[in-house]
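Engineer: A predicted structure for the sequence below; I have some questions about it.
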Protein chains: 2
Amino acid sequence: MRISARADYAVRAALMLAAKQDGPLKAEAIAEAQDIPHKFLEGILNDMRRGGLVASQRGVRGGYRLARPARDISVADVVRAVDGPLVSVRGVRPPELAYSGPAESLLPLWIALRANVRRILEGVSLADVASGHLPDFVGALAEDPAAWSNP
Amino acid sequence: MRISARADYAVRAALMLAAKQDGPLKAEAIAEAQDIPHKFLEGILNDMRRGGLVASQRGVRGGYRLARPARDISVADVVRAVDGPLVSVRGVRPPELAYSGPAESLLPLWIALRANVRRILEGVSLADVASGHLPDFVGALAEDPAAWSNP
DNA sequence: GAGATTTCCTATGTATTCGGTAGGGAAGTA
DNA sequence: TACTTCCCTACCGAATACATAGGAAATCTC
């Protein structure tokens, strides 16, 4: 289960926009601040615009800004805008799967996994992350030192 | 975040082995029962053998069996054996990431996400799935009808 | 030991995705 | 007009995903 570069970049760009509330921010400025290839980032910002997450303005005083308050955009919104469904199995979304025999209960397991990922990514807004204050039910998970070690 | 075909196939194969406790099971039999390309499955079973999850026996009475009791093998064990780390961001594991500016709290978010995925996949054994009785904290997630709908 | 069976190993192949680049057109501003 | 910035399309190399093929090595039965 990997978070793609696109998704990571998209969230970081969105966080930049969430932090700067006055006036638009240029793609180039975001690219430089977050060390993201700028042409690649342009495509990502475009996806977010199509997804209704950011608004853009061309010209010399142009750039990008969030289309909604940062509090109303979840990390899941951003990831979905650039990568499609949050969780898939072999490229298909869990409800479309069919298992037989001893694997029958595998489907509810994938469903539970997806529900859990959703709970996290839909429950955290850009404002939460940008402010450095994650919701308690998320922050608690990250405070466990064991969560930081690679087994 | 996608579960690869390898991982899905591997878990299903492992579940077949968990269900059949008497004697080994041939790759061909598993492939047929679970509709998995049989040569592809052979490679997957081989990875699991190298990972110490299954034992193999050649010859006419040969096949594969679990190397440990099904209760002592988690789904996470299987996924790791065939796909490496459970969760990665841009191909690197979260603790190796470095973020700056408003993205600083993104790292604990990915950590929390990973911790949650671990909680599920490490907390469920092959015996749990094969018996159709998921642990309560997982089953509860799958019982919510909302978890089954695609947004 | 002969022969059948099954795992094990290596090589090959193809399609897709991933991450990134390039160039220029459209729109807005001064 | 000149400049800036987003927008669009195309392309590209490498890696990955998902297999398939062919045989060598081990094991069992007879």
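Structural biologist: It's in.
Engineer: list the contacts of A:Arg49.
Structural biologist: Applying C-beta atoms under 8 Å, 6 or more residues apart in numbering or on different chains to A:Arg49 gives the contacts A:Ala55, A:Ser56, A:Tyr64. The C-beta positions use only the backbone N, C-alpha and C, and glycine is treated the same way.
Engineer: which residues does the residue sitting furthest away from the middle of chain A contact?
Structural biologist: Taking C-alpha atoms, centre = their mean, the residue of chain A most remote from its mean C-alpha position is A:Gly101, at 35.9 Å. By C-beta under 8 Å, 6+ apart, the contact set of A:Gly101 is B:Leu15, B:Met16, B:Ala19, B:Ala33, B:Gln34.
Engineer: now for those residues: which two are most distant?
Structural biologist: B:Ala19 and B:Gln34 (11.2 Å; C-beta to C-beta).
Engineer: tell me the one among the contacts of A:Arg49 nearest to B:Glu96.
Structural biologist: A:Tyr64 (28.9 Å).
Engineer: what bridges to the closest one?
Structural biologist: A:Leu25, A:Ser56 (DSSP bridges).
Engineer: and the strands in chain A?
Structural biologist: Secondary structure of chain A (DSSP state E): strands located at A:2-3, A:54-57, A:63-66, A:88-89.
Engineer: need those in TSV (columns: distance to DNA strand D and mean pLDDT).
Structural biologist: Compiled in TSV, the strands of chain A are given as follows (distance: least, C-beta to the nearest atom of the strand, whole Å; pLDDT from 0 to 100):
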stretch	distance to DNA strand D	mean pLDDT
strand A:2-3	8	96
strand A:54-57	3	96
strand A:63-66	4	97
strand A:88-89	9	97
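Engineer: B:Arg68 is nearest to which of those?
Structural biologist: strand A:88-89 (25.2 Å).
Engineer: show residues contacting that closest one.
Structural biologist: A:Pro94, A:Leu97, A:Trp110, B:Met1, B:Arg2, B:Ile3, B:Asp8.
Engineer: try it again at 7 Å.
Structural biologist: With C-beta atoms under 7 Å, 6 or more residues apart in numbering or on different chains as the test, strand A:88-89 has contacts from A:Leu97, A:Trp110, B:Arg2, B:Ile3, B:Asp8.
Engineer: quick one: pLDDT of the second one?
Structural biologist: By that I understand A:Trp110. On the pLDDT scale, A:Trp110 is placed at 97.
Engineer: ditto for the first one
Structural biologist: As predicted, A:Leu97 sits at a pLDDT of 94.
Engineer: which ones are touching A:Pro142?
Structural biologist: Pro isn't right for residue A:142; it's Ala. With C-beta under 7 Å, 6+ apart, A:Ala142 has these contacts: A:Leu134, B:Pro108, B:Ile111, B:Ala112.
Engineer: that should have said A:Gly51, apologies.
Structural biologist: Contacts of A:Gly51 by C-beta under 7 Å, 6+ apart are A:Ala81.
Engineer: give me the buried positions along stretch A:136-145.
Structural biologist: A:Val138, A:Gly139, A:Leu141, A:Ala142 (16 or more other C-beta atoms under 10 Å in any protein chain shown).
Engineer: again with stretch A:2-15
Structural biologist: Applying 16+ other C-beta under 10 Å to stretch A:2-15 flags A:2-4, A:6-15 as buried.
Engineer: so is it next to chain B?
Structural biologist: Yes - Stretch A:2-15 reaches chain B (C-beta under 7 Å from any C-beta of the partner chain) through A:Arg2, A:Ile3, A:Ala5, A:Asp8, A:Val11, A:Arg12, A:Leu15.
Engineer: look up how far A:Ala27 lies from the closest residue to the second one other than its chain neighbours.
Structural biologist: Meaning A:Ile3. Nearest non-adjacent residue to A:Ile3, counting by C-beta to C-beta, 6 or more residues apart in numbering or on different chains: B:Val89, 4.3 Å away. Distance of B:Val89 to A:Ala27, given as C-beta to C-beta, to the nearest Å: 22 Å.
Engineer: leaving out the residues flanking it, which one is nearest to A:Asp128?
Structural biologist: Using C-beta to C-beta, 6+ apart, the closest residue to A:Asp128 is A:Leu134 (5.6 Å).
Engineer: can you report how many residues neighbour the one you found?
Structural biologist: When neighbours are defined as other C-beta atoms under 10 Å in any protein chain shown, A:Leu134 has 23 of them.
Engineer: any idea how far it is from B:Trp110?
Structural biologist: A:Leu134 is 11 Å from B:Trp110, by C-beta to C-beta.
Engineer: ok, A:Ser149 next?
Structural biologist: Taken as C-beta to C-beta, the span from A:Ser149 to B:Trp110 is 14 Å.
Engineer: more neighbours: which of the two?
Structural biologist: B:Trp110 (23 against 8).
Engineer: could you measure from the closest residue to the more buried one other than its chain neighbours over to B:Leu121?
Structural biologist: Leaving aside its sequence neighbours, B:Trp110 sits nearest to B:Pro94 (C-beta to C-beta, 6+ apart; 4.5 Å). Relative to B:Leu121, B:Pro94 is positioned 16 Å away (C-beta to C-beta).
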